[in-house]
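Trainee: how would this look folded up:
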Amino acid sequence: QLSFGSMPNDGGNLMLEEDDAKALLAADPAAKKFVRPILGSVEYINSIPRYCLWLKGATPNELRSHPEIMQRVARVRAKRAESTRPETRSLADTPTLFGEDRQPTKNFLAVPKTSSESRRYIPIGFLAPSIVANTELFTSEEAGLYHFGVLTSSMHMAWVRAVCGRLKSDYRY
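Mentor: I've put the predicted structure just below:
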């Protein structure tokens, strides 16, 4: 079974580009425990470093000693509170958490949601649970080497070419 990755629903405030992560950690090295790599299809396929604040399990006392993180959390709360969707407004009560948390707790198979049609095979691989998968990366904690072999086979690619969805001309699960 493949599952969607996690969705921050944060107005971009829990997300960090590489330079943002470096700046945050230069100013506040103790924040390292809250900074994790996050990957979607593009980042995974192209080895683009991107990061997020993963604050699950962080106590209010821990967070108070990190001013920039607190500012970002306040912006998440405000962004969610101003939403027209009741579900999103209710997420303002938990601004330190991703809006939808589907993060695997053990090594998982990562399958990009979208991949170029020019590839012979869709890049699929195993990732550690310390790497956050966003909604552009499907995950499976139950998959093993057998499943990996099937998904990276020419038979699977024949199925993809015949049945899989498309975004422009790219393959899309």
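Trainee: just checking, next helix/strand downstream of the strand or helix carrying residue 63?
Mentor: With elements taken from DSSP states H and E, the one containing residue 63 is helix 60-64. Reading on from helix 60-64 to the C-terminus, the next helix or strand found by DSSP H and E is helix 67-81.
Trainee: Give me the helices and strands touching that following helix, please.
Mentor: Here helix 67-81 touches helix 18-27, helix 60-64, helix 86-90, going by 3 or more Cβ pairs under 8 Å, 6 or more residues apart in numbering; DSSP states H and E. Bear in mind the C-beta positions are built from the backbone N, C-alpha and C, glycine included.
Trainee: Just send these back as a markdown table, with mean neighbour count and distance to residue 116 too.
Mentor: Formatted as a markdown table, the helices and strands packed on helix 67-81 follow (neighbours: other Cβ atoms under 10 Å; distance: least, Cβ to Cβ, whole Å):
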| stretch | mean neighbour count | distance to residue 116 |
| --- | --- | --- |
| helix 18-27 | 14 | 23 |
| helix 60-64 | 11 | 40 |
| helix 86-90 | 12 | 33 |
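Trainee: residues near the closest residue to residue 105 other than its chain neighbours, how many?
Mentor: In space, and not counting its chain neighbours, residue 105 is closest to residue 129: 5.5 Å by Cβ to Cβ, 6 or more residues apart in numbering. By other Cβ atoms under 10 Å, the residues close to residue 129 number 15.
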